[in-house]
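Student: give me coordinates for this.
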Amino acid sequence: MNILQVGYHDINVKTAIDYIKSNYFLLPAIQRNYVWDSTRIADLYDSLYKNYPIGLILLLKLSGKEDKNLMSFYEFNKSKKNNNSLFGTSEYSLDIDDEKYCVLDGQQRLTALYRGLYYEDYYRKRTYNLYFNATADENYENSFFEFKCWEKLLEKDKLELWIKVSEIYEISYGDTTAIEALIDKSLSAINYDWLYTQKRNGTKKEKTAQWAQKQIATYKELADLIQKNKENLIKNINKLINVLRNKNCIGYQLIDYTNLSVEEKSMRILSIFTRLNQGGVKLSPSSLLYSQIAAYSKNYNIDNIRGLFDEYIKELNAPSPNICFSLENYMRLLWLIFGGSSFKAFFVSKDIKKCSEDDLRKAKDCLIQARQVFIEANFSFYGNLPYNMFLPIAYYFYHCGKLSSTDKLTACYEIAKYYEAVLSSGYFSVHSDSVLYNLKTAFEKNQDKLGLFQNKVFDFRILQSQVNSTTTSKGKKLEINNETVEKILNLDYREDKSEILKILYLLNKDWMKIKRTVDDIDHIHPKKYSDPQTFKSANVPESLYHVFVEKHNLLPNLQLLSAQENRTEKQGLPLKIWMKKYNQNYTSYAAANIIVDNKEIAKLNWDYFDFENFEIFFNNRRDALKNYMYEIFGITP
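Tutor: The predicted structure follows:
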């Protein structure tokens, strides 16, 4: 084979076909599947015949010695079977002395050229091939289509001779004898076809037989026309042979990055490929990785893998119409598990080859676990939720394996802290890939030192410390700050019920025991006192009324209470009366519900829970909740 030259040059169709046959043209695994139908194949050949431009083919020079480990390459699919796979059945291994050419742009056109000659389209048990209308008007520029993917050699009631392009391709330019023989062969095939039709239909109704006779007359008329205009037919066929075998009508640009490192070359390929696809259907990095996984998968069909991904995304989003996990999230999880420092480098590397079908399923199951912890901790899904925040948790589950019931509860409590910190701080509002990599690095650094995966430990404070220690002074910290704590303490029952429920679970010291699906938000000092008449009956100073109305719906006067307790026992009873009636130990109650700081519990007595002490109760509990949040979220006062 002739070696192509760097820069802008032209080749003919035969050279392009030979390069495909001999595997000189190779496809990078990041390419998408073949999407052209038979009509577009006919269009391409028609454009070549009419000397219309078909666009430039972009190639990258490959050297076996330097590019053997650049990325995975595939030969073109040369099967005659009806499928949309762009790739051949196996990965192509570059030899040390190979000089090949990676097709960065133009793979659809090159595949269409090849299929126009060698591909048979099967539809409803019929075989369709690409045909050329040899009886086209001599002024071919004014005629619309001279090529069709067709089952028969003769269109009904039309005086046109259609000849297989693959048979024309085998003839040398100027070989009149071979061209005439092909014309005669095509006429003979038509004659056989229509005589068979007459024989088949002659025994049926008279109308059908008459129709068959009409077609035979049409054939005879066509045969006479061809005989009279054979010179023009030969001219048309010769022109097509010249286009296919001799004329340099395919432009290419060959680029050479020989002096670049493998990583630099990979990144340039990626950049070129994504930019080339901006004009059509935009390709995101996850879309390229999606194609690459399909290409690398040797144990299952590409189409099945794509279908499998679709099923996984549906499963991730199944619990609620508000959940919107995307393919992009799933692909980034695979990067965290199998890749290196850069997502962009990951999908042009061979790291994804480490991923088996079982790994794909396990990654999906771990992402479902991360989602489930979010739901069980009473976090809610909303429009602008940063879904990448689930990926480090799925990464943790992937490596820690199956957890015992106790370990799972402990881990879920720590993960809930992580979710709250991420959402409150807007941690993922910065560049997600760098944030994800920082979290992954923190897990890996803790693995040896603390046995993060071996002992299945998840400690939010340790994770937070590790991440923030590597963050620059200008970078985003994984933290809840004083301002956020103040906002939490001022959450209002009338407007923020779901947020309050989530926080109360997170602040509950009996996390391991509570059932997070059957609890109510209860006003500790009953909201019935906001009614003026009820307030008067309490025999407390009138000045307290405005204080209570202003503060009774805020977080420091709210607690979790089982639905049964709230609706059958408490039912608006004053706090002190409810506690005495149902044998509530005020010391245990204060400790479990963070009524005061631990050091103050010993100073409590029953009078502290009287309604007339509401303002003191409220302020002390506010301070206690604030200090507890400082403790669990690592906040410096």
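Student: could you list the low-pLDDT ranges of the stretch 251-400 of the chain?
Tutor: Counting by pLDDT under 70, the stretch 251-400 of the chain has low-confidence residues at 274, 277-307, 347-350.
Student: show me the strands in the stretch 501-637 of the chain, by range?
Tutor: Taking DSSP state E, counting those that start in this stretch as the test, the strands found in the stretch 501-637 of the chain are 519-523, 558-562.
Student: buried set for stretch 224-233?
Tutor: The neighbour-count check on stretch 224-233 (16 or more other CB atoms under 10 Å) flags Ile226, Asn229, Lys230, Leu233 as buried. (C-beta placed from N, C-alpha, C; glycine too.)
Student: of all those residues, which comes closest to Tyr34?
Tutor: Comparing the buried residues of stretch 224-233 against Tyr34 with CB to CB places Leu233 closest, at 33.0 Å.
Student: for whatever helix or strand Pro392 lives in, packing partners?
Tutor: Here Pro392, judged by DSSP states H and E, is contained in helix 391-400. Here helix 391-400 touches helix 327-338, helix 357-376, helix 405-425, helix 432-450, going by 3 or more CB pairs under 8 Å, 6 or more residues apart in numbering; DSSP states H and E.
Student: that helix to helix 327-338, inter-axis angle?
Tutor: Following axes from the mean of the first three to the mean of the last three CA atoms, to 10 degrees, one obtains 40 degrees for the angle between helix 391-400 and helix 327-338.
Student: surely Pro556 touches Phe618?
Tutor: Yes - look at Pro556 against Phe618 with CB atoms under 8 Å: they come within range, at 5.1 Å.
Student: how close does Gln584 sit to Asn620?
Tutor: Distance of Gln584 to Asn620, computed by CB to CB, to the nearest Å: 18 Å.
Student: higher neighbour count, those two?
Tutor: Neighbours were counted for Gln584 and for Asn620 using other CB atoms under 10 Å; Asn620 has more, 19 against 15.
Student: where does the stretch 501-637 of the chain have low pLDDT?
Tutor: For the stretch 501-637 of the chain, the ranges with pLDDT under 70 are 511-518.
Student: mind listing the helices for the stretch 101-250 of the chain?
Tutor: For the stretch 101-250 of the chain, the helices defined by DSSP state H, counting those that start in this stretch cover 107-118, 165-169, 176-201, 206-228, 230-241.
Student: who does the shortest one touch, helix- and strand-wise?
Tutor: I take that to be helix 165-169. Judged by 3+ CB pairs under 8 Å, 6+ apart, helix 165-169 is in contact with helix 107-118, strand 126-133, helix 230-241.
Student: for the first one, same thing?
Tutor: Helices and strands in packing contact with helix 107-118 are listed as helix 13-21, helix 38-49, strand 73-76, strand 126-133, helix 165-169; criterion 3+ CB pairs under 8 Å, 6+ apart.
Student: for the stretch 101-250 of the chain, give me the ranges with low pLDDT.
Tutor: By pLDDT under 70, the low-scoring segments of the stretch 101-250 of the chain are 120-126, 138-145, 151-158, 190-215.
Student: returning to that earlier point: which one of the buried residues of stretch 224-233 is nearest Tyr119?
Tutor: Closest to Tyr119, out of all of the buried residues of stretch 224-233 and judged by CB to CB, is Leu233, at 25.5 Å.
Student: the closest residue to that closest one other than its chain neighbours and Trp162: what is the separation?
Tutor: Counting by CB to CB, 6 or more residues apart in numbering, Leu233 lies nearest to Ala134, which is 4.7 Å off, once chain neighbours are set aside. Taking CB to CB as the measure, Ala134 falls 7 Å from Trp162.
Student: mutual contacts of those two, please.
Tutor: Taking CB atoms under 8 Å, 6 or more residues apart in numbering as the criterion, Ala134 and Trp162 both touch Ser186.
Student: how about the helices in the stretch 451-600 of the chain?
Tutor: Assigned by DSSP H, counting those that start in this stretch, the stretch 451-600 of the chain shows helices spanning 460-469, 482-489, 497-507, 532-537, 543-551, 563-564, 575-581, 586-592.
Student: CSV for those helices, including mean neighbour count and distance to Phe309?
Tutor: Below are the helices of the stretch 451-600 of the chain laid out as CSV (neighbours: other CB atoms under 10 Å; distance: least, CB to CB, whole Å):
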stretch, mean neighbour count, distance to Phe309
helix 460-469, 18, 30
helix 482-489, 15, 37
helix 497-507, 19, 32
helix 532-537, 12, 59
helix 543-551, 14, 51
helix 563-564, 12, 41
helix 575-581, 17, 54
helix 586-592, 15, 46
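Student: got the ones you listed as JSON lines, with distance to Phe76 columns?
Tutor: Output for these, formatted as JSON lines (distance: least, CB to CB, whole Å):
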{"stretch": "helix 460-469", "distance to Phe76": "46"}
{"stretch": "helix 482-489", "distance to Phe76": "57"}
{"stretch": "helix 497-507", "distance to Phe76": "55"}
{"stretch": "helix 532-537", "distance to Phe76": "83"}
{"stretch": "helix 543-551", "distance to Phe76": "74"}
{"stretch": "helix 563-564", "distance to Phe76": "65"}
{"stretch": "helix 575-581", "distance to Phe76": "78"}
{"stretch": "helix 586-592", "distance to Phe76": "69"}
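Student: distance-wise, check Asn627 relative to Asn482.
Tutor: Distance from Asn627 to Asn482, counting by CB to CB: 12 Å.
Student: try Pro53
Tutor: When distance is defined by CB to CB, Pro53 is 65 Å away from Asn482.
Student: and for Ser543?
Tutor: Going from Ser543 to Asn482 by CB to CB gives 30 Å.
Student: same check, this time on Ile17
Tutor: The gap separating Ile17 from Asn482 is 71 Å, by CB to CB.
Student: could you do Tyr19 as well?
Tutor: Tyr19 sits 67 Å away from Asn482, going by CB to CB.
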